[in-house]
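Peer 1: okay, sequence plus prediction incoming.
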Amino acid sequence: MSFPLFIHTQCCSTMELKATSVLLLVCITFIILTSTEVDAIPSCCLRVSKGMHPRQIRLVSEYMIQHRSGVCDIDAVILYVGKKRFCADLGVLKRLKKLKKNHKPKRI
């Protein structure tokens, strides 16, 4: 009579193992998706705009350079205007530096 009990115990431990495995997989997936590591999933520019109006360039608060040699496929300048992000050709970088250098803040 102990034989059916052994099968029942083995069946439950297998189910517990499956449930534990699924729970572990869900936890690992959650950790990966909510990772706070910078550059965990790169956000690359896929295309760039060739020209930008000087007024738009003056509003740029910061910029980053994206290199083709890294994870991304194209060279670009990522411009941040407020909370918006724009991708521009590297030629815009020279104009950006020139405008920012010559731009003087208005006195109030």
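Peer 2: Great, that's in hand. Since the structure is predicted, the reported quantities are computational estimates derived from the model, not experimental observations.

Peer 1: all helices of the chain, in order?
Peer 2: Shown for the chain, the helices assigned by DSSP state H span residues 2-33, 54-58, 91-102.

Peer 1: please convert those helices to CSV, extending it with mean neighbour count.
Peer 2: For glycine as for every other residue, the C-beta is placed from the backbone atoms N, C-alpha and C. Shown next, in CSV, are the helices of the chain (neighbours: other C-beta atoms under 10 Å):
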stretch, mean neighbour count
helix 2-33, 10
helix 54-58, 14
helix 91-102, 13
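
Peer 1: least confident of the ones you listed, on average?
Peer 2: Mean pLDDT per stretch puts helix 2-33 lowest among the helices of the chain, at a mean of 69.

Peer 1: how far away is the closest residue to Ile65 other than its chain neighbours from His67?
Peer 2: Distances taken as C-beta to C-beta, 6 or more residues apart in numbering put Val77 closest to Ile65, at 5.8 Å, once the chain neighbours are dropped. Applying C-beta to C-beta, to the nearest Å, the value for Val77 to His67 is 11 Å.

Peer 1: more neighbours: those two, which one.
Peer 2: Neighbour comparison, Val77 and His67: the larger count goes to Val77, with 22 against 11 (by other C-beta atoms under 10 Å).
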